[in-house]
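Visitor: Provided below are the primary sequence and the corresponding predicted coordinates.
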Amino acid sequence: GAGVSQSPSNKVTEKGKDVELRCDPISGHTALYWYRQSLGQGLEFLIYFQGNSAPDKSGLPSDRFSAERTGGSVSTLTIQRTQQEDSAVYLCASSLASLTLYGYTFGSGTRLTVV
Amino acid sequence: QKEVEQNSGPLSVPEGAIASLNCTYSDRGSQSFFWYRQYSGKSPELIMSIYSNGDKEDGRFTAQLNKASQYVSLLIRDSQPSDSATYLCAATSYDKVIFGPGTSLSVIP
């Protein structure tokens, strides 16, 4: 596609429920990243996929968070047993393999509200 | 823990003035540096990238890099009200980009 596509754009869920957030990167981009941005805060790195390599999960805040990337393209971020502190905008980004030159292109994000 | 630091602001400048945004980074191995603009409620948008010491100009924007001082800056000339946004400084660290907390800029008509 022309840009990074994320769905849903907004999600309201009850505390304790599981949620799935989807990211479809730019065609041809081999690297995919998930970040979280809480209200008024900076971007917090969550997880990184590069091609067929094992993902870098070093930013995941707890074992309630997991992500997968199928076929080197679409990625799903799953949050189990959601808590109110999980409320944030979840941003997906993709880049060509040469991150050094091109930086990221971000999707429009999923705003998650846990009530 | 690799970090990128910025003054949170808000930075207020009158329309037509030069806005100066500053950033420092901790990872001496960082090779590439970026400035993103984020409007309220929107996702970050890449506006400048810089890789070598010195200045890089693109329209009204000039990025400056000093690797010895681990310092990056962004100058916005002839500031417009539409430039009012949060500006995120970022640096590569290995295979990730580390973002600063952002500086809020307000351009007053």
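Guide: Ah, there it is.

Visitor: what is the least confident helix or strand in chain A?
Guide: Across the helices and strands of chain A, the lowest-confidence element by mean pLDDT, DSSP states H and E is helix A:99-102, at a mean of 65.

Visitor: any idea which helix or strand comes after it?
Guide: Beyond helix A:99-102 in the direction of the C-terminus, DSSP states H and E gives the next helix or strand as strand A:105-106.

Visitor: ok, that next one: who's next to it in the sheet?
Guide: According to DSSP bridges, the neighbouring strands of strand A:105-106, each with its direction, are strand A:88-95 (antiparallel).

Visitor: how about the strand it pairs with as PDB, C-alpha atoms only?
Guide: Only the C-alpha atoms of strand A:88-95 are listed here, as PDB (Å, rounded to 0.1, in the frame of the first residue of the first chain):
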ATOM      1  CA  ALA A  88      -2.200   4.900  24.900                       C
ATOM      2  CA  VAL A  89      -1.800   5.400  21.200                       C
ATOM      3  CA  TYR A  90       0.000   2.400  19.600                       C
ATOM      4  CA  LEU A  91       2.000   3.400  16.600                       C
ATOM      5  CA  CYS A  92       3.400   1.000  14.000                       C
ATOM      6  CA  ALA A  93       6.300   2.100  11.700                       C
ATOM      7  CA  SER A  94       8.100   0.400   8.900                       C
ATOM      8  CA  SER A  95      11.300   1.100   7.100                       C
END
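
Visitor: distance from the chain centre to that strand, please.
Guide: 5 Å (CA atoms, centre = their mean, to the nearest Å).

Visitor: can stretch B:77-97 be said to contact chain A?
Guide: Yes. Part of stretch B:77-97 sits near chain A under the criterion CB under 8 Å from any CB of the partner chain, namely B:88, B:90, B:92, B:95-97. C-beta: built from backbone N, CA, C; applies to glycine.

Visitor: in whichever strand or helix holds residue B:72, what's buried?
Guide: Here residue B:72 is covered by strand B:71-76, with elements defined by DSSP H and E. Across strand B:71-76, burial judged by 16 or more other CB atoms under 10 Å in any protein chain shown covers B:72-76.
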